[in-house]
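Q: Let me see the structure of the following:
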Amino acid sequence: MLFPDYAAWLHRGYAAFQVDPAWIEIGPNYGPTVPPNSPPWNMDWAIKFPDGYYAYVYERWHGSGVRGLSMPRWGSRKHFSFHYGPANTSLKPNGIPERDKINYPAIIRIDCDKRGPHLHFHSEDDHILQHRVRGMIIQDSDPFDFMRSVIEHRNTGRDFDSILKFTVTP
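A: The predicted structure follows:
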């Protein structure tokens, strides 16, 4: 994906998202880390809720190189994390709560990192790899779908496996 296409997609998705005035929103902040409009680029977006919980999504896009080109223009999402749980009172410089999996464990976190696509569901320690997840292709997880699922969970009390329609196998 080209960065201008990503930016347009992000604007469309965000325009359709409803933000309650009681929430503290940080971002979405996004942009290339090197000019001009080339990968890598990042996106960070968090919502802090009045009851001490927060949702945080981040994506890290890296170049998809084409042999012979000195700087790739195409990016592919290499790393992401979509997190919901209690918010640490210690904040990063950008205002997003610091992760502290011991004192503020995630209720759900959907990740793609050096371990590959996996999720944490009611446990920070258990990395539930894709082969144990049915009904969800973790790599294809969408930040707006995740944020909408957080809102639905908060409004209805339904758990994320029901909202996102996945099951975890032993």
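Q: In this structure, where is pLDDT below threshold?
A: Scanning the chain for pLDDT under 70 picks out 65-72, 124.
Q: The nearest residue to residue 138 once chain neighbours are set aside and residue 139, how far apart?
A: Nearest residue to residue 138 in three dimensions, chain neighbours excluded: residue 117, at 3.5 Å (C-beta to C-beta, 6 or more residues apart in numbering). For glycine as for every other residue, the C-beta is placed from the backbone atoms N, C-alpha and C. Distance, residue 117 to residue 139, by C-beta to C-beta, to the nearest Å: 5 Å.
Q: between those two, which one's more packed in?
A: Neighbour tally, residue 117 and residue 139, criterion other C-beta atoms under 10 Å: the higher count belongs to residue 117, 20 against 12.
Q: distance of the more buried one from residue 168?
A: Noted for residue 117: a distance of 14 Å to residue 168, by C-beta to C-beta.
Q: How about residue 130?
A: Residue 130 is 11 Å from residue 168, by C-beta to C-beta.
Q: Strands of the protein, residue ranges please.
A: Under the criterion DSSP state E, the chain contains strands at 24-34, 38-48, 53-63, 75-86, 108-113, 116-121, 128-129, 133-134, 167-168.
Q: Would you list the strands that the third one pairs with, along with their directions?
A: The one in question is strand 53-63. strand 38-48 (antiparallel), strand 75-86 (antiparallel) (DSSP bridges).
Q: Not counting sequence-adjacent ones, nearest residue to residue 32?
A: residue 41 (4.4 Å).
Q: How about the contacts made by that neighbour?
A: The contact partners of residue 41, by C-beta atoms under 8 Å, 6 or more residues apart in numbering, come to 3, 6, 30, 31, 32, 33, 61, 75.
Q: ok, 10 Å please
A: When contacts are counted by C-beta atoms under 10 Å, 6 or more residues apart in numbering, residue 41 is found next to 1, 3, 6-7, 30-34, 59-63, 75, 77.
Q: And for residue 122?
A: Counting by C-beta under 10 Å, 6+ apart, residue 122 touches 105, 106, 107, 108, 159, 160, 161, 168.
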